[in-house]
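Engineer: below are the sequence and a predicted model for it; my questions follow.
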Amino acid sequence: MSPNKITAAKYMEAFTRSDHTAILSLLTDDVVWIMPGGFHLVGKEAFDKEIENDAFVGPPDITVTRVIEENDIVVAEGSVRSTRRDGGVLHAVFCDVFVMENAKIKQLTSYVTVLE
């Protein structure tokens, strides 16, 4: 597995534990995280604040079904399940596009669709 794919895999695994330290160690200092229609964050501090969302309880259950890499771009596709604070459950599918620099995440664009 390439260094970029290893970083993406470590990121996903750390996110399932809400492990801020591990996640932040995989990012460049000037990281950009974009969720179209949701937010556009710049820097590790902003990224850190969005790792956990007050609307949810506990870490998400993430299943990655496909990872593709070309040059310094890694694309991961999968599904996520997360328990809402109100007792409901979020079921969604995602496609994360990682732009890598020296095997660190420089930009992440997260496309997410909530399933009913």
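Structural biologist: Cool, got the structure.

Engineer: the longest helix seen in the chain: which residues count as buried?
Structural biologist: Across the chain, the longest stretch assigned as helix under DSSP state H is helix 3-15. For helix 3-15, the neighbour count (16 or more other CB atoms under 10 Å) marks 4-5, 7-8, 10-12, 14-15 as buried. All C-beta spots, glycine's among them, are computed from the backbone N, C-alpha and C.

Engineer: rank these by pLDDT and give me only the lowest.
Structural biologist: Lowest pLDDT among the buried residues of helix 3-15: F15, with 93.

Engineer: tell me the strands beside the strand ranked longest in the chain, with direction?
Structural biologist: Longest strand in the chain, counting residues (DSSP state E): strand 56-70. Here strand 56-70 has these sheet partners by DSSP bridges: strand 73-84 (antiparallel).

Engineer: contacts for the partner strand?
Structural biologist: The contact list for strand 73-84 (CB atoms under 8 Å, 6 or more residues apart in numbering) reads 4-5, 7-8, 12, 55-69, 89-100, 112.

Engineer: now list the buried members of these.
Structural biologist: For the contacts of strand 73-84, a burial check counting by 16+ other CB under 10 Å picks out 4-5, 7-8, 12, 56, 59-60, 62, 64, 67, 69, 90, 94, 96-100.

Engineer: give the contact list for the nearest residue to E50 once chain neighbours are set aside.
Structural biologist: Distance criterion CB to CB, 6 or more residues apart in numbering; nearest residue to E50, sequence neighbours excluded, is L41 at 6.1 Å. Counting by CB under 8 Å, 6+ apart, L41 makes contact with 32-34, 47, 50.

Engineer: following the chain onward from the helix or strand in which L41 is found, which element is next?
Structural biologist: Here L41 sits within strand 39-42, counting by DSSP states H and E. Next helix or strand after strand 39-42 toward the C-terminus (DSSP H and E): helix 44-50.
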